[in-house]
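Participant: Next one to model:
(chains A and B, ligands or ions: 1)
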Amino acid sequence: MENEFDLKGIHEKIQLLKKVSEDILEEADDFPSLSRNCSRILASIKMMELNVSDIHGHS
Amino acid sequence: MIEEQKYWNPVLETLPQEEIKKLQLKKFRRIFEWTYQKSNFHHSLYRKAGIKPDDIRSFDDIRHIPTVEKSMMRDIQRKDPFPYGDTLCVPLDEVSEYHQTSGTTGQPVYQADSWQDWEWWSECWSYILWAQGYRPSDRIFFPFGYNVFVAFWAAHYAAEKIGAEVVPGGVLDTQARILKIQEVQATAMMATPTYVLGMAETARSKMGIDPASLTINKITCAGEPGASIPTTKNRMENAWGAKVYDHAGATEIGAWCYECEEQSGGLHINDGFFLVEIQDIETGETIEEAGRMGKMIITALDRYAQPCIRFDSKDLIMWSSDPCPCGRSFQTIKGGVIGRADDIAKVKGVLLAPSAIEEVVRGIHGLSDEFEVIVDKKADIDQITLRAELIPDARDKEDSIKIQLKDQLRLKTNLGYIIEFHDYGTLPRHEVKAKRFKDLRKTMS
Ligand SMILES: [Zn+2]
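Facilitator: Numbers count the residues shown, from 1 in each chain, chains lettered A, B, ... in the order given. So this is what the prediction gives:
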């Protein structure tokens, strides 16, 4: 189905965001405020994956 | 402007069904593989059945996977590691939310959610709220006990996520809640149908407030079938001067289906996040045709900490054949959750669903919102007693209401009833879920 959204482009940006967040998390072992906030960001990124990345090949 | 956008996810909610099916299969394989690798309980269940992740290539393969019942979760949670047993797929440190089932049918089942799964809960609820017209401009009042039961907890978080304003009405009593709704001019609220009607009665009879004069314009229900029973829905909508929407969810499953603004008589399954199957209650055969009732087997496709794979929910549902005018491609079930397989009683050889009695009682003018149904045996013959209350204005119409009740009950359920009228206000009032159906034959034998 055609739609007005560039899902592939959004998906790529989500993956970029995920990579950056994972990198920060890796550096945050001894930095609780950074580590925990980053974990929560990754949970929100997962929701964007469910809403976009999972379906971009299907639409 | 996002406020004007009809769908929470304009792509997923309009995806053609054949693409949704492919997505479901892809996601099922993903969650099954994860669970097989991470949960000892699931791993041994599937290994005993001789099923490995690579075996799953079609929906037919999925149907051969063993189902999970509440009693199995209960048994495994009695064993170590405390408190979730061998059901977790993440380290205990990653669990951020504890909830439990009510335990009305035995020891409660404990449910763990990681923060990601809690985000997922509120994501599922965001689909519901958006479809029911909730927007950032809403001020939503939550008149429920914030405690160990999941109830409207995730709806609270979803309301924040969609950008609405949340007013938590936790430990207030009913009158204080009504006053708070009035004071803050709340635009929406969420409660069980029993409590929606109970609040309206309290406002009218104890406070002299007409609930329709308050600013509530939409109400979302859960916990009981009421909002999908047309006569109960009418009573609630008339009492509050508001739209009343149904939704269904459960602690072990998630918020899996919802009525949309069209109120077309069916509830949409969130097909993007859940896989719903319907099985014949007696034979276990898969039901694909519309209009035939069976029990639901459900998989939460994206719940990772304590997964829900082919869970035998005992909820009775049926497919609807009518597409919803809202344009969502998600499948619909007709009349919502009709009841629970455990609540269907065989009386004089006839299958009786308590919701059918509710539909009749709530449709008769002159009866209050409360009633009770007692099934027992006299001289080895089943008998059903319906206890109802006449409202004060209808006392002189007792005989005609009794005839009306008997006729409509026979038509709707094929059974005869003993009708008892009790004084207005004397039947038990319930705050959350009501237990109005009592089968005493189980305790007599
Ligand atoms: Zn719809």
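Participant: How far away from the center of its chain is the helix or strand hosting residue A:25?
Facilitator: When elements are assigned from DSSP states H and E, residue A:25 belongs to helix A:7-26. Here the centre of helix A:7-26 is set off from its chain's centre by 5 Å, with CA atoms, centre = their mean, to the nearest Å.
Participant: close to chain B, is that helix?
Facilitator: Yes. Contact of helix A:7-26 with chain B (CB under 8 Å from any CB of the partner chain) involves residue A:7. Heads up, the C-betas are built off the backbone N, CA and C, glycines and all.
Participant: for that helix, packing partners?
Facilitator: Packing contacts for helix A:7-26, counted by 3 or more CB pairs under 8 Å, 6 or more residues apart in numbering or on different chains; DSSP states H and E, involve helix A:32-51.
Participant: hmm, the helix it packs on touching chain B?
Facilitator: Yes. Under the criterion of CB under 8 Å from any CB, helix A:32-51 makes contact with chain B via A:39, A:40, A:42, A:43, A:44, A:46, A:47, A:50, A:51.
Participant: contacting residues around that helix?
Facilitator: Helix A:32-51 is contacted from outside by A:14, A:17-18, A:21-22, A:24-25, A:27-29, B:9, B:12, B:114-116, B:118-120, B:123, B:272-273, B:302, using CB atoms under 8 Å, 6 or more residues apart in numbering or on different chains.
Participant: Next, the buried residues of stretch B:362-376.
Facilitator: Using 16 or more other CB atoms under 10 Å in any protein chain shown as the test for burial, stretch B:362-376 gives B:362-363, B:366-376.
Participant: residue contacts, the closest residue to the ion within the stretch 1-150 of chain B?
Facilitator: Residue nearest to the ion within the stretch 1-150 of chain B: residue B:131 (6.9 Å; CB to the ion). For residue B:131, the contacting residues are B:7, B:8, B:258, B:259, B:260, B:261, B:268, B:326, B:328, by CB under 8 Å, 6+ apart.
Participant: ok, now with 10 Å
Facilitator: Residue B:131 sits next to B:6-8, B:13, B:245, B:247, B:258-262, B:268, B:270, B:324, B:326, B:328, B:330 when contact means CB atoms under 10 Å, 6 or more residues apart in numbering or on different chains.
Participant: Phi and psi next, for it.
Facilitator: Listed backbone geometry of residue B:131 is phi -70, psi -20, with angles given as degrees, to the nearest 10.
Participant: The closest residue in space to residue B:340 that isn't next to it in sequence: which element?
Facilitator: What sits nearest to residue B:340 in space, not counting adjacent residues and going by CB to CB, 6 or more residues apart in numbering or on different chains, is residue B:314, at 5.1 Å. Residue B:314 belongs to strand B:311-317 when assigned by DSSP H and E.
Participant: what do you get for residue B:427?
Facilitator: Using DSSP H and E, residue B:427 falls outside every helix and strand.
Participant: Do you know the pLDDT at it?
Facilitator: If you check residue B:427, the pLDDT there is 93.
Participant: Could you look up the SS state of the nearest residue to it once chain neighbours are set aside?
Facilitator: Counting by CB to CB, 6+ apart, residue B:370 is the residue found nearest to residue B:427 once chain neighbours are left out, at 4.3 Å. Put simply, residue B:370 is strand when judged by DSSP: H, G, I helix; E, B strand; the rest coil.
Participant: Report the contact partners of residue B:370.
Facilitator: Contacts of residue B:370 were listed using CB under 10 Å, 6+ apart, and they are B:194, B:197-198, B:201, B:361, B:387-389, B:422, B:424-430, B:434, B:436.
Participant: Give me the neighbour count for residue 10.
Facilitator: Let's take chain A. Residue A:10 is flanked by 16 other residues according to other CB atoms under 10 Å in any protein chain shown.
Participant: The intended chain is chain B.
Facilitator: With other CB under 10 Å as criterion, residue B:10 counts 12.
Participant: Is it in contact with residue A:4, as I believe?
Facilitator: Yes. Contact between residue B:10 and residue A:4 holds when scored by CB atoms under 10 Å: they sit 8.4 Å apart.
Participant: JSON lines please, covering the residues of helix A:32-51 next to chain B and showing neighbour count.
Facilitator: Output for the residues of helix A:32-51 next to chain B, formatted as JSON lines (neighbours: other CB atoms under 10 Å in any protein chain shown):
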{"residue": "A:39", "neighbour count": "17"}
{"residue": "A:40", "neighbour count": "14"}
{"residue": "A:42", "neighbour count": "18"}
{"residue": "A:43", "neighbour count": "17"}
{"residue": "A:44", "neighbour count": "16"}
{"residue": "A:46", "neighbour count": "21"}
{"residue": "A:47", "neighbour count": "17"}
{"residue": "A:50", "neighbour count": "20"}
{"residue": "A:51", "neighbour count": "21"}
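Participant: Run through those and flag the ones next to the ion.
Facilitator: Among these, no residue lies close to the ion (CB under 5 Å from the ion).
Participant: Please tell me how far the helix or strand encompassing residue B:32 is from the chain's geometric centre.
Facilitator: Element membership for residue B:32, per DSSP H and E: helix B:17-38. Averaging C-alpha positions (CA atoms, centre = their mean) puts helix B:17-38 24 Å from its chain's average.
Participant: tell me what that helix is packed against?
Facilitator: With contacts defined as 3 or more CB pairs under 10 Å, 6 or more residues apart in numbering or on different chains; DSSP states H and E, helix B:17-38 has these neighbours: helix B:40-48, helix B:59-62, strand B:274-279, strand B:294-300.
Participant: does the residue of the stretch 301-445 of chain B found nearest chain A sit in a helix or strand, and which one?
Facilitator: Using CB to the nearest CB, residue B:302 is the residue of the stretch 301-445 of chain B that sits closest to chain A, at 5.7 Å. Using DSSP H and E, residue B:302 maps to neither a helix nor a strand.
Participant: burial of it, as a residue count?
Facilitator: Number of residues near residue B:302 (other CB under 10 Å) recorded here: 23.
Participant: picking that back up, buried ones in the helix holding residue B:32, by neighbour count?
Facilitator: Of the residues in helix B:17-38, those buried (16+ other CB under 10 Å) are B:19-20, B:23-25, B:27-29, B:31-32, B:34-36, B:38.
Participant: Quick one: mean pLDDT for it?
Facilitator: Averaging pLDDT along helix B:17-38 yields 98.
Participant: repeat for stretch B:44-61
Facilitator: For stretch B:44-61, the mean per-residue pLDDT is 97.
Participant: Any stretches of chain B with poor pLDDT?
Facilitator: For chain B, the stretches with pLDDT under 70 are B:105, B:443-445.
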